[in-house]
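**Q** Kindly generate the corresponding structure for this input.
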Amino acid sequence: MSTPISTKQLLNLIRKLLEMIRLGDSLMAEQLAPTNGGGSIPTSPIQFSKKSHQRIIREQHALERDPLIGEKMFLARSLKNAVVRQIDRETAKAIILKYEWLGTMGTTDFQFGLYFGEHLAGVVCFGRTAGTKTAESVCGREYAHRVKVLNRGACVHWAHPQSASFLDSVACKLMAKKGYNIFIGYSDPAANEFGTIYQAMGWLYCGTTQSQSSGFVWSGKPILKDRIWGTFKDGKIHDERNIQHCVRCRSFSDPNAPTYQVKCSRREKHQQMIDEGFLFVSASPKGRYVGLYGDRETVESLRAALKWEKRDYPKRANHRVAA
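**A** Predicted coordinates for the structure are as follows:
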């Protein structure tokens with residue numbers, strides 16, 4: 001028989017849902033309360049839709065005091081003052097961690113920054129595709145080595161209104177000179193994104209990803225770093241694939257155990273997390289965009305080789321909000 005949800009659990013759930021609403025999330029709660037039977041209390045999916053996450057973050061940082069804000073905004077009045085150049089990971093990290101929806105650097109290989117004078121106003125990062133077959137599924141195996149994913153990007157609150165599309169476009173052209181001509185970009189409904197920047201750059205919309213992403217979040221009081229669970233209890237939503245880090249012995253949980261020795265299966269760890277009080281959430285499939293760069297002949301060849309189906313651009317006005 002299922003155990004009824006406690007008042008403490010209910011308050012924690014309400015707190016999480018209110019936080020999702022505040023950030024404009026559109027995540028759908030999939031498992032809300034653990035039961036003795038190993039399942040969860042069923043609930044109807046609830047989706048919240050507001051401003052995009054990055055816009056909310058920019059508006060919040062715009063309230064911060066900055067003695068150089070006048071100089072920055074003066075330079076950012078025109079893109080003629082803008083310069084895009086390759087930067088190192090640590091430089092990019094300062095902007096990404098502060099302004100980007102995912103709040104992590106991910107597996108980025110190349111980073112580019114948008115500068116107005118000496119001031120960094122935006123960052124875009126490129127990395128590898130998820131999965132071994134994704135790259136060759138775009139334009140075939142022949143062109144798989146030319147594929148990169150635009151996996152992180154953000155601009156500061158004082159940047160020029162067209163900074164994002166300007167930065168991404170110039171960065172892709174610089175990447176094309178390195179031999180990368182095919183770029184994949186994803187729009188995440190969880191951040192209320194619809195691919196506005198990709199559409200402005202003329203990228204091709206190729207529908208949505210085939211599978212839904214999922215994640216987990218700690219329902220109790222946030223703990224920055226737990227002895228057993230590491231950073232899993234920090235109150236943030238984590239990719240469910242990170243469970244893999246807990247099925248083997250790690251130094252933070254058992255310094256005396258052989259490193260990476262298997263402790264349990266993913267299924268067993270998933271159930272342990274439910275019993276512990278973690279919530280599992282699923283997000284809607286992400287929109288897929290493809291950008292092709294290079295000389296005219298190269299772009300025409302890649303467009304002809306594109307295997308993903310091209311579709312009409314999605315629009316924010318057509319987005320449905322489930323209740």
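**Q** Pairing-wise in the sheet, spell out the partners of the nearest residue to Glu240 once chain neighbours are set aside.
**A** Spatial nearest neighbour of Glu240, excluding adjacent residues (Cβ to Cβ, 6 or more residues apart in numbering): Ser214 at 4.5 Å. C-beta: built from backbone N, CA, C; applies to glycine. Under DSSP bridges, the beta-bridge partners of Ser214 are Ser282.
**Q** what's the spacing between Ser214 and Glu268?
**A** Distance from Ser214 to Glu268, counting by Cβ to Cβ, to the nearest Å: 17 Å.
**Q** neighbour-wise, which of those two wins?
**A** Using other Cβ atoms under 10 Å as the criterion, Ser214 and Glu268 rank with Ser214 on top: 16 against 11.
**Q** Let me see the domain layout of the protein.
**A** Domain assignment for the chain by automatic domain parsing gives 7-48+214-282, 53-211+290-318.
**Q** right, and the residue nearest to Glu240 touches Ser282 too?
**A** Yes - in this structure, Ser214 is within contact of Ser282 by Cβ atoms under 8 Å, at 4.6 Å.
**Q** who touches stretch 305-318?
**A** 137-140, 142-143, 187, 194-196, 199, 204-207, 287-288, 290, 292 (Cβ atoms under 8 Å, 6 or more residues apart in numbering).
**Q** try it again with 10 Å
**A** Contact with stretch 305-318 is made by 49, 52, 136-140, 142-143, 182, 184, 187, 189, 192-196, 198-199, 203-208, 287-290, 292, 303, as judged by Cβ atoms under 10 Å, 6 or more residues apart in numbering.
**Q** For stretch 218-237, which residues meet the burial criterion?
**A** Trp218, Ser219, Trp229, Gly230, Thr231, Phe232, Lys233, Gly235, Ile237 (16 or more other Cβ atoms under 10 Å).
**Q** if you look at those, which of them are in strands?
**A** Among these, the residues falling in strands (DSSP state E) are Trp218.
**Q** State the pair within the buried residues of stretch 218-237 that is farthest apart.
**A** Farthest apart among those by Cβ to Cβ are Ser219 and Gly230. That separation is 16.8 Å.
**Q** Can you pull out the low-pLDDT segments for the chain?
**A** The chain contains residues with pLDDT under 70 at 1-63, 101-103, 130-132, 190-191, 211-213, 241, 245, 248-263, 283, 316-323.
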